[in-house]
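# Model the structure of this input:
(chains A and B, ligands or ions: 2)
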Amino acid sequence: MAEQTQTSHAAPKSFIRKYIFSTDHKVIGIQYFFLALIAALTGMVMSLLIRLRLAWPANRWPMLEAIFPEGFKDGLMQPEFYLAMVTMHGTIMVFMVLTTAPQSGFGNYFLPIQIGARDMAFPVLNMLSFWITFLSFVVLIAALFVVGGAPLGGWTFYPTLSAIPSTGPGQALGADLWIVSIALFCVASLLTALNFITTVLNMRTSGMTLMRMPLSCWGWFTTAVIALLAFPVLLAAGILLLLDRNAGTGFFIPSGLSVSGNLVPNGGGSTLLWQHLFWFFGHPEVYIAILPGMGATSHILATFARKPVFGHKAMVVAMFAIGLLGFFVWGHHMFISGMNPSVAIAFSVLTLVIGVPSAIKTFNWLGTLWGGRIRFTTPMLFAIGFVSLFVAGGVTGLVLGQTALDVVFHDTYFVTGHFHLIMGVAAIFGIFAATYYWFPKMFARMMNEGLGKLHFWLTFVGVYAIFVPFHVLGIAGHPRRYADSTGYEFLRALDPLHVFITIAAFATAAAQLIFLANFFWSLFKGKRATDNPWEATTLEWSTATPVPHENFGEQLPVVHRMPYEYSVPGAERDFLMQND
Amino acid sequence: MPATLTPTRRDEPAFGDGGRGFDDLPGYGGGDNNRPPEPERQPPPEGYRIGVWLVLASVTMLFSALISAYVVNRAHSMPIEMPEVLWLSTIVILTSSVTMEISRRALKRRLENQFRLWISVTTALGAAFLVLQLIAWSELKAAGFYVNKNLHSGYSYLFTGLHGVHLIGGLAALAFVTWRNQAKWTTVRRRVAVDATASYWHFLDGLWVFLFLILFFWK
Ligand code: HEM
Ligand SMILES: [Cu+2]
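Ligands and ions are numbered 1, 2, ... in the order given. Presented below is the predicted three-dimensional model:
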């Protein structure tokens, strides 16, 4: 409950207090953003290594052997290395990128400003959250380099493989570090969630009723509520697993198990228990990744369609409905675990019910675009791309939600295609949209529009070229998490498709260099941004650029209207600021 | 209003005797109630109370998850021997809730010395509780119930340990409200902070009783 006494308004002077151990939500937001950027690049390189092996399983890569002598013995990528890459890629992307950038990054920076507050409710806690997250990232990366190898149990870390250190390479210290990293991440995320919720409930400026909050704030708020209730469950699971591995308990280990002919001494537990705990967290986690993107998308669509969001209230209700329902569907990840068919039906129906609020959101986005005077800026393109990917990935979700179909598709590339479109890439598009949109406020310069659009089109075409074929692989019966398929005659015909996907993946990865170039060039050389370059209505655009210490001048703004009052009849401009 | 009041600060309510909790703090909360744009630079003190309720929600989720695991594992059906000292620790923590309440009320009546006395007693009882829990661990060990003896003993260590970790957080909160530089906060803010700490403390008390019951009395 550490609290800042801010009665003195002076900004901190020393470099360390200002940029490293800063309690300013804006600095912390940018710290999170750059952490996520580094993580995203790391994760992307790993995905390219994965793709190399899948396209050319027998090829030798002497150059890579020079970098990873263990992973590329004789230049051949070892299956253990492949599996470690899949595991670390998934873990880094899900936790360090998709949970970090949209929520902790942009949320930290803009939530207080958009509700007219001077900072988060608990600034010191906020600083602590970031540094624990940073530590978590360091521990995770360390897991790559320890004796015994990097963990390779997949980002879902199923026991019994993960519960017994002797089960194979990568299941020793590396796996312990993985669990410690995730536990730290849970703690940091809980502190962030606590901060976000308290801020929204307690720190809104005068006139900022809940319904007048921008939808981006609703996204961050709902996400924080989900995180607050979901992360403790993952933390619990992690603690149990750590005990199984190090204290000789057997919470996840069935009795009488033997590994390589040796009886495992501890037992009496249940492997399925982990799946329940993990997915009770895991399904809400996908909403933690996507809801901030939904909020940002709504916000950006309204700005550039020059219209209020269609069905503003319905958007809020749908968001909360998705969050709530998300807690009751975890069983759809376990349809083939031997569960009672009537339980499976219940999970199936609940899963399909989530389609309703999701469809409400989609139709309202389209309704917002309908008849708008659309300005096709880069953030707008990425927001529209988000809607496209959300639909494309959502449709296959409805397929997988049916038990009869999931029995066939489970653990195939169909699943991988589904979650990459909807969780991976859609959320990434939300991050890009937010980056292009808020960059002027955060860094006081504009990003280059031409490069931005080029980046958008290459990425948009690229991700579909990568992930639509994933579905084809899955329908053809290709299992996921196989280091290669050379031993399976029925998969031979799919080899050319793997090559195609890999080429598309390298091309898409190359397109991200355009983004990086644009980002860093604009940071130093971009056109100076005005206070409100997009002619938007919400409070972050009412304050100066760059945003002053404590966000607003002497007086906090007073809010008089809803967030997206564009094209108001009779108004002299085509928009009315919330505090006009 | 007692005549001995310290001078009114900006976040003090202008009326009331400070006896009722949430609604005796007019003008705080979100933007709904149209308070003047900037009563002060500090966020409204209600943040403490909201924050603690959120902490309780997430701690509840943590223990719900672990207790579900306990149920799924059917750990209660495995043998265990209850350390007798746990009766004592239960009495100690129940008492500490009472003393916490006494000190909280003393603060409301602005009896500074009484407040300090009873909050110190609470802190001491909390520390004593932790010591007793450690003794319980050694009793478990002496009876041959190591962490890995069976799942039931595993959960016994886990639940007592994790509860203890949360209690250490409670002790830190107690120290914070007792020792924080009094010049730096206003009467209302301090009272809300103590209220919030008390909520957390009572919750840990209840949680302990619950864990105690399901660990050793559920057959
Ligand atoms: C250039 C973009 C990307 C490519 C080419 C790519 C490729 C892959 C491949 C080939 C796999 C292994 C599939 C298997 O054998 O099961 C995989 C797994 C995975 N990817 Fe990606 N990926 C990309 C971006 C992302 C993003 C943005 C995310 C963010 C969530 C993500 C999350 C995951 C997850 C969660 C897994 C599953 C890991 C596991 O099963 O443990 N990927 N990816
Ligand atoms: Cu799910």
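# who's in contact with residue 107?
As the question left the chain open, I've gone with chain A. By CB atoms under 8 Å, 6 or more residues apart in numbering or on different chains, the contact set of residue A:107 is A:29, A:196, A:220, A:223-224, A:292. Using the backbone N, CA and C atoms, a C-beta is placed for each residue, glycine as well.
# Correction: the question concerned chain B.
Neighbour list for residue B:107: B:115, B:190-191, B:194 [criterion: CB under 8 Å, 6+ apart].
# Over in chain B, which residue gets nearest ligand 1? Let me know.
Closest to ligand 1 within chain B is residue B:65: 21.9 Å, counting by CB to the nearest ligand atom.
# circling back: next step: the contacts of residue B:107 restricted to strands.
Taking DSSP state E, every one of the contacts of residue B:107 sits outside strands.
# Where helices are concerned, which of those residues count?
B:115, B:190-191, B:194 (DSSP state H).
# State the helix or strand in which the nearest residue to residue A:44 once chain neighbours are set aside lies.
The shortest distance from residue A:44 to any non-neighbouring residue, by CB to CB, 6 or more residues apart in numbering or on different chains, is to residue A:509 (5.7 Å). Per DSSP states H and E, residue A:509 falls inside helix A:495-525.
# is any part of that helix close to ligand 1?
Yes. Helix A:495-525 reaches ligand 1 (CB under 6 Å from any ligand atom) through A:505, A:508-509.
# buried subset of these?
By neighbour count, with 16 or more other CB atoms under 10 Å in any protein chain shown, the residues of helix A:495-525 next to ligand 1 hold A:505, A:508-509 as buried.
# Tell me who's in contact with residue 214.
No chain was given, so I picked chain A. A:114, A:295, A:299, A:538, A:563-564.
# You answered for a different chain; I wanted chain B.
Each residue near residue B:214 by CB under 8 Å, 6+ apart is listed here: B:67, B:70, B:76.
# hmm, try it at 7 Å
residue B:67 (CB atoms under 7 Å, 6 or more residues apart in numbering or on different chains).
# can you check residue A:402 too?
So residue A:402 contacts residue A:348 (CB under 7 Å, 6+ apart).
# What ranges in chain B fall below the confidence cut-off?
Across chain B, residues meeting the criterion (pLDDT under 70) sit at B:1-42.
# go with 50
Residues of chain B that meet the criterion pLDDT under 50 lie in B:1-40.
# Could you check how many residues crowd around the residue nearest to residue A:267 when sequence neighbours are not counted?
Distances taken as CB to CB, 6+ apart put residue A:255 closest to residue A:267, at 3.9 Å, once the chain neighbours are dropped. The local packing of residue A:255 (other CB atoms under 10 Å in any protein chain shown) involves 11 other residues.
# any idea how far chain B is from residue A:329?
Here residue A:329 is placed at a distance of 17 Å from chain B (CB to the nearest CB, to the nearest Å).
# In contact with that residue: list those residues for me.
Taking CB under 7 Å, 6+ apart as the test, what residue A:329 contacts is A:283, A:347, A:350-351, A:354.
# out of those residues, which are inside helices?
Mapping the contacts of residue A:329 onto helices (DSSP H) picks out A:283, A:347, A:350-351.
# among those, who's most crowded?
residue A:351 (25 neighbours).
# pretty sure it contacts residue A:400?
No. Using CB atoms under 7 Å as the test, residue A:351 is too far from residue A:400 to be in contact (8.4 Å).
# thinking again about what came up before, out of the contacts of residue A:329, which comes closest to ligand 1?
Nearest to ligand 1 among the contacts of residue A:329: residue A:283, at 13.1 Å, using CB to the nearest ligand atom.
# confidence score at the closest one?
Looking at residue A:283, its pLDDT reads 97.
# these two touch, right, residue A:293 and residue A:432?
No. Judged on CB under 7 Å, residue A:293 makes no contact with residue A:432 at a distance of 9.7 Å.
# Can you pick out the residue with more neighbours from these two?
Under the criterion of other CB under 10 Å, the comparison of residue A:293 against residue A:432 puts residue A:293 first, with 32 against 26.
# can you pull the contacts of the more buried one?
A:102, A:386, A:426-427, A:430.
# ditto for residue A:250
A:244, A:266-269, B:151.
# Including neighbour count, could these go into CSV?
Output for the contacts of residue A:250, formatted as CSV (neighbours: other CB atoms under 10 Å in any protein chain shown):
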residue, neighbour count
A:244, 26
A:266, 24
A:267, 19
A:268, 19
A:269, 28
B:151, 26
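# For these, give me CSV that also has distance to ligand 1 and secondary structure.
Below are these laid out as CSV (distance: CB to the nearest ligand atom, whole Å; DSSP: H, G, I helix; E, B strand; the rest coil):
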residue, distance to ligand 1, secondary structure
A:244, 20, helix
A:266, 26, coil
A:267, 26, coil
A:268, 28, coil
A:269, 23, coil
B:151, 28, helix
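# all helices for chain B, in order.
Under DSSP H, chain B gives helices at B:46-72, B:85-108, B:112-142, B:151-179, B:187-216.
# Spatially central residue for chain A, please.
residue A:98 (1.6 Å; CA atoms, centre = their mean).
# Hmm, it is touching residue A:427, no?
Yes. The pair residue A:98 and residue A:427 qualifies as a contact (CB under 7 Å) at a distance of 4.8 Å.
# Kindly report the residues of the stretch 451-580 of chain A close to ligand 1.
So the stretch 451-580 of chain A meets ligand 1 at A:466, A:480-481, A:505, A:508-509 (CB under 6 Å from any ligand atom).
# what phi and what psi does the backbone show at the nearest residue to residue A:519 once chain neighbours are set aside?
Closest residue to residue A:519 apart from its sequence neighbours, by CB to CB, 6+ apart: residue A:447 at 7.0 Å. Main-chain dihedrals, residue A:447, degrees, to the nearest 10: phi -90, psi 160.
# Can you get me a residue count around residue A:447?
Neighbours around residue A:447, by other CB under 10 Å: 24.
# Contacts only, for it.
A:436, A:439, A:518-519, A:522, A:526.
# Check residue A:487 and give its pLDDT.
87.
# Check for me that it belongs to a strand.
No. Inclusion of residue A:487 in a strand is not indicated when DSSP: H, G, I helix; E, B strand; the rest coil is applied; the result is coil.
# Give the residues shared as contacts by residue A:98 and residue A:427.
Residues within reach of residue A:98 and of residue A:427 at once, by CB under 7 Å, 6+ apart, are residue A:289.
# Around chain B, pick out the residues from the stretch 201-350 of chain A.
For the stretch 201-350 of chain A, the contact set with chain B under CB under 7 Å from any CB of the partner chain comprises A:201-209, A:228-229, A:232-233, A:235-236, A:240, A:243, A:247-251, A:266, A:268-270, A:273, A:277.
# Narrow those residues to those in helices?
Short answer: these in helices (DSSP H) are A:201-202, A:228-229, A:232-233, A:235-236, A:240, A:243, A:273, A:277.
# out of these, which one sits closest to residue B:47?
Ranked by distance to residue B:47 (CB to CB), these are led by residue A:202 at 4.6 Å.
# Can you verify my assumption that that closest one contacts residue B:48?
No. Using CB under 7 Å as the test, residue A:202 is too far from residue B:48 to be in contact (9.5 Å).
# between these two, which one's more packed in?
Legend: neighbour count by other CB under 10 Å for residue A:202 and residue B:48, higher for residue B:48 (28 against 22).
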